[in-house]
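A.B. asks: the sequence isn't on hand, but the structure is:
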């Protein structure tokens, strides 16, 4: 599936969000997932496409399908939720995707966060192949503050090391505010997201300097050299590297999941999904002293704009979402054809 | 107090940790703190000096004393601890320092973390003028995982903005491991810590590029130009900037404390301590599925070394600490004289 290019208007077409979700759901079911898993993955993937987050939209479908075909992930897994303590929920994703594990634990997690003030969800034995912001944004829409980290697969050289070890290990955060959509960010602790390297490779574009190294460990701006035996660098030098290490500790060591370097999919050709763990922390800001959190976060936004910031983290996604909701989601006609074939074939 | 320069051996002298703590404690009491507050600040400051974290060691004493003299901070404040929920503790630091507020809540926080699996400490109405790692390291020494953020004072230009708004807003993390000292890092979300800019200015050294801007918003490598009307930049571009924003939301909006841009010390000449808030999150990893967390974090360390990493975050501090514990803490003779005068005078 090629990346969407909004400038090629002649070959583009529009599709409604619900229709895209249904189409993707059919594709997942036809390729081996349960209807429950399909519904969750389809909603997640269509949301990314709707919001213009193309590297985690329909671009991911071939990877999902080759993974399912390889037997690496269980598309019909039923997550096992354990109520560990008043602020601690554990989910064994049963070698399935992480998003159904989160859905299975969501109500318990929210209830614990509202009661204890803070609650933790530790997901292990899980595969995360999507953007991380869809996991945290819904909590902020319910008035909660949420933080999540997920480790992935060895492709980042720790600062000061010779060889890759960490995953792209993103950190996502969402917080409610009084007069607008939640404040949301989702940042890879690598200098660039793996999906963006793949997109650049497909487009034949060069990367900015400082993003990665080739198979000999030498700096390169060629996305193909990074993908073929090379590796990424952490963002922000030793600081981004320390945060990536923290993600390994929180998402793997603290959940009982694999580190990014621990799983071996050699016997599953076509496998693309990292088999690791994910951590979520959800906080109820109504426990805070003083003025309401949403009023306070609104004040921070107001001051950020006054300091000359035109775009907040998440703004572009929310603008694209509004446009998609009004006019439909723009897809390349060829991509839509391929999706329909996958749903039918 | 000048920064310690380890190369000027002719003027250096050695002091034991306990003796340095007692000396600093006398200084604090003589300049307006209660004995309880003095003991906590002295231990914190001496620990930084012992570990070679010079920008937060005795270098900070003049700032503490001018702040106390200005009436900006209450050196005899008694923190008010509120048990909010099974995972949520709130402390009003009563316009005192943040460290005594943490001490007052520590036992309750640890007990909640062990019982609920995770617990949050929200400190507000507090002044934090020290390194952040001493706040998290002790939890890891007790087998817990700890994360802390504190906002400070407007001196960082958000990525894409024209004017400074955020503080240096550090993030500190500590985790236990089986066969060694805890894994600990403490990173400013600014490209450089404010204390390191001050030290460079005193030494007359230039900074690397990308650290800050002058009073006209132009890039500069002159630390004095940054301190005199200029500002710092976030580390890692928009990603570090997003994390700095998150610190404002967690340390201020979520605690009931001031944002970095909200307090006004104009009527307190000599005031140096940001009057904001601080958040701590403490997790009990014994609630995790599978192998013990400390064994797993040890495995990560082993693999980081195998990937060619020679130094872990915190390693240099721990080595300096071991050296200080054996031979004593090295101070410039002139600095020690000044400390003794401050304690007596």
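C.D. replies: Received, thanks. Quick caveat: nothing in here was measured; it's all calculated off a predicted structure.
A.B. asks: residues contacting the residue of the stretch 151-300 of chain A found nearest chain B?
C.D. replies: Ranked by CB to the nearest CB, the top residue of the stretch 151-300 of chain A for proximity to chain B is residue A:236, at 2.8 Å. From N, CA and C alone the C-beta is placed, and that goes for glycine too. Applying CB atoms under 8 Å, 6 or more residues apart in numbering or on different chains to residue A:236 gives the contacts B:235, B:236, B:237, B:239, B:240.
A.B. asks: separation between it and residue B:15?
C.D. replies: 36 Å (CB to CB, to the nearest Å).
A.B. asks: show me what whichever strand or helix holds residue A:303 is packed against.
C.D. replies: Taking DSSP states H and E as the criterion, residue A:303 maps to helix A:293-306. Other helices and strands packing on helix A:293-306, by 3 or more CB pairs under 8 Å, 6 or more residues apart in numbering or on different chains; DSSP states H and E, are helix B:237-248.
A.B. asks: just name whatever secondary elements the helix it packs on is in contact with.
C.D. replies: The contact analysis (3+ CB pairs under 8 Å, 6+ apart) places helix B:237-248 against strand A:171-175, strand A:183-187, helix A:237-248, helix A:293-306, strand B:145-150.
A.B. asks: how many neighbours does the closest residue to residue A:171 other than its chain neighbours have?
C.D. replies: Nearest residue to residue A:171, sequence neighbours excluded (CB to CB, 6 or more residues apart in numbering or on different chains): residue A:149, at 5.4 Å. Using other CB atoms under 10 Å in any protein chain shown, residue A:149 has 27 other residues around it.
A.B. asks: so residue A:149 bridges to which residues?
C.D. replies: Beta-bridge partners for residue A:149, by DSSP bridges, are residue A:171, residue A:279.
A.B. asks: is it in contact with residue A:260, as I believe?
C.D. replies: No - look at residue A:149 against residue A:260 with CB atoms under 8 Å: they stay out of range, at 11.9 Å.
A.B. asks: and for the two, which residues touch both?
C.D. replies: The contact lists of residue A:149 and residue A:260 share residue A:169, where a contact means CB under 8 Å, 6+ apart.
A.B. asks: not counting the least confident helix or strand in chain A by mean pLDDT itself, show me its contacts.
C.D. replies: Ranking every helix and strand in chain A by mean pLDDT, DSSP states H and E puts helix A:194-203 at the bottom, with a mean of 89. By CB under 8 Å, 6+ apart, the residues outside helix A:194-203 that reach it are A:2-3, A:54-56, A:59-60, A:152, A:155, A:168, A:188, A:206-207, A:211-212, A:223-224, A:226-227, A:232.
A.B. asks: what are the buried residues along it?
C.D. replies: Neighbour-count burial for helix A:194-203, counted by 16 or more other CB atoms under 10 Å in any protein chain shown, picks out A:194, A:195, A:196, A:197, A:198, A:199, A:200, A:201.
A.B. asks: stretch A:26-39 too?
C.D. replies: Using 16+ other CB under 10 Å as the test for burial, stretch A:26-39 gives A:26, A:27, A:28, A:29, A:31, A:32, A:33, A:34, A:37, A:38, A:39.
A.B. asks: could you do stretch A:257-273 as well?
C.D. replies: Residues of stretch A:257-273 classed as buried by neighbour count (16+ other CB under 10 Å): A:257, A:258, A:259, A:260, A:261, A:262, A:263, A:265, A:268, A:271, A:272, A:273.
A.B. asks: most distant residue from the middle of chain A?
C.D. replies: residue A:290 (33.7 Å; CA atoms, centre = their mean).
A.B. asks: identify each buried residue in stretch A:146-162, please.
C.D. replies: The neighbour-count check on stretch A:146-162 (16+ other CB under 10 Å) flags A:146-159, A:161 as buried.
A.B. asks: show me the shaky parts of chain A.
C.D. replies: Under the criterion pLDDT under 70, the flagged ranges of chain A are A:1-10.
A.B. asks: just the strands in it please.
C.D. replies: If DSSP state E is used as the criterion, the strands of chain A fall at A:12-15, A:80-85, A:88-97, A:118-127, A:145-150, A:171-175, A:183-187, A:212-213, A:219-220, A:231-232, A:275-283, A:329-332.
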